[in-house]
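> have a look; sequence and predicted model below, questions after that.
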Amino acid sequence: MIRKFSSFTLALCLFLSVSAVCRGAEADLMVYVTNTGERYHREGCSSLRRSRIPISLGEAVRSGYGPCSICKPPSLSENALIPEEPRPPLYRVNVAELALSAEAELPRMVPAEVIDHVDGDTVRVRIQNAPDQVGPVETIRLIGVDTPETVHPSKPVERFGKEASNFTREGLLGKSVYLAFDWDLRDRYGRLLAYIYTGDGRCFNAFLIREGYGFAYTRFPFQFMEEFRTLERQARDEKRGLWGDNS
Ligand SMILES: [Zn+2]
């Protein structure tokens with residue numbers, strides 16, 4: 001009886017460990033993602049012409065990428081062993097705890113990489129292990145700042161628009177950044193509303209206004225509104241950027 005039981009247990013253990021290894025191998029399979037897409041692909045898919053980043057199937061699924069409908073890459077079976085990685089919380093600033101944007105805490109924020117630049121106040125980011133409600137690739141509208149228009153289809157390029165756009169490209173493109181959120185997560189175009197922090201702890205939204213590359217945008221309320229208004233006044237008083245006499 002005892003021997004029977006132990007050989008059964010042994011067989012069971014063997015079965016479980018073999019299937020765990022198989023499922024592990026499934027998650028370790030290599031697939032590919034692109035710089036800006038939200039799908040993962042098989043090697044050779046036409047979608048990989050512009051960029052091709054190898055990633056394990058488990059990681060792709062965990063990061064929120066879905067399978068490409070053209071190349072139909074393998075998907076993880078229901079019971080596949082995906083190591084649970086806790087999703088980071090959505091860090092929202094709170095002026096009751098922090099008076100200034102400079103006090104917000106990087107370790108509590110969501111890490112991201114700036115992969116594309118749209119204009120002075122809008123960029124695209126890739127977010128590994130994105131929190132709930134956030135996708136692996138997002139367009140971000142910086143909260144509380146409005147830079148002069150450069151890409152509007154029907155408006156002319158506004159004065160200082162190019163400079164503001166270049167300032168943001170040089171400051172953020174290709175950089176690892178940290179995202180913090182406010183009351184509203186998205187605007188009416190579905191863009192993610194965020195404060196972007198650089199690795200040195202600087203709030204880039206506030207920096208744009210302080211250096212005179214943008215206005216405090218106060219049509220929609222946000223928690224650092226008073227601070228951003230003050231920064232705009234300072235930039236204006238010191239004739240920085242777009243407040244300068246001869247630009
Ligand atoms: Zn594909």
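Happy to help now that I have it.
> only C-alpha atoms for contact and neighbour calcs from this point on.
Noted.
> and residue 219, how far is that from the ion?
Going from residue 219 to the ion by CA to the ion, to the nearest Å gives 41 Å.
> swap in residue 207?
Between residue 207 and the ion the computed distance is 39 Å (CA to the ion).
> host element of that residue?
Using DSSP states H and E, the element containing residue 207 is helix 204-210.
> repeat for residue 219
Counting by DSSP H and E, residue 219 is part of no helix or strand.
> just give me the neighbour total for it.
Neighbours of residue 219 under the rule other CA atoms under 10 Å: 8.
> C-terminal to the longest strand along the chain, what's the next element?
Using DSSP state E to define each element, the chain has its longest strand at strand 110-119. Using DSSP H and E, the helix or strand that follows strand 110-119 in sequence is strand 122-126.
> strand partners (parallel or antiparallel) of that next one?
On the basis of DSSP bridges, the sheet neighbours of strand 122-126 come out as strand 110-119 (antiparallel), strand 137-142 (antiparallel).
> if we can go back for a sec, can I get the helix holding residue 207 in CSV? Just the C-alpha atoms.
The C-alpha trace of helix 204-210 is given here as CSV (Å, rounded to 0.1, in the frame of the first residue of the first chain):
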residue,chain,number,x,y,z
PHE,A,204,9.4,68.2,-16.9
ASN,A,205,5.9,69.7,-17.1
ALA,A,206,7.0,72.4,-14.6
PHE,A,207,10.4,72.8,-16.2
LEU,A,208,8.8,73.7,-19.6
ILE,A,209,6.9,76.5,-18.0
ARG,A,210,9.7,77.7,-15.8
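> tell me which stretches of the chain form strands.
Ranges of strands in the chain, per DSSP E, are 30-33, 39-40, 53-56, 66-67, 110-119, 122-126, 137-142, 145-146, 176-180, 192-198, 215-216.
> for the ion, find the nearest of those.
Comparing the strands of the chain against the ion with CA to the ion, the closest turns out to be strand 39-40 (6.5 Å).
> state the mean pLDDT of the closest one.
Per-residue pLDDT over strand 39-40 has a mean of 96.
> quick one: it near the ion?
No. Judged by CA under 5 Å from the ion, strand 39-40 makes no contact with the ion; its nearest approach is 6.5 Å.
> please parse the chain into its domains.
25-85, 101-243 (automatic domain parsing).
> deepest of the ones you listed, which one?
By mean neighbour count, with neighbours taken as mean count of other CA atoms under 10 Å, domain 101-243 ranks first of the domains of the chain at a mean of 19.
> tell me how far that one lies from the chain's centre.
Mean C-alpha position of domain 101-243 versus that of the full chain (CA atoms, centre = their mean, to the nearest Å) differs by 13 Å.
> and the end-to-end length of it?
End-to-end distance of domain 101-243 (CA to CA, to the nearest Å): 23 Å.
> same question, stretch 37-53
With CA to CA as the measure, the ends of stretch 37-53 fall 11 Å from one another.
> and stretch 100-114, by the same measure?
Counting by CA to CA, you get 24 Å between the two ends of stretch 100-114.
> next: stretch 95-113.
Separation of the first and last residues of stretch 95-113 by CA to CA is 26 Å.
> for it, the distance to its chain's centre please.
That offset, for stretch 95-113, works out to 15 Å (CA atoms, centre = their mean).
> for stretch 43-55, same thing?
21 Å.
> residues in this structure within reach of the ion, list them.
Contact residues, the chain versus the ion (CA under 5 Å from the ion): 41, 45, 68, 71.
> quick check: the first one touching residue 33?
Think residue 41. Yes. Residue 41 lies in contact with residue 33 (CA atoms under 8 Å); the separation is 6.2 Å.
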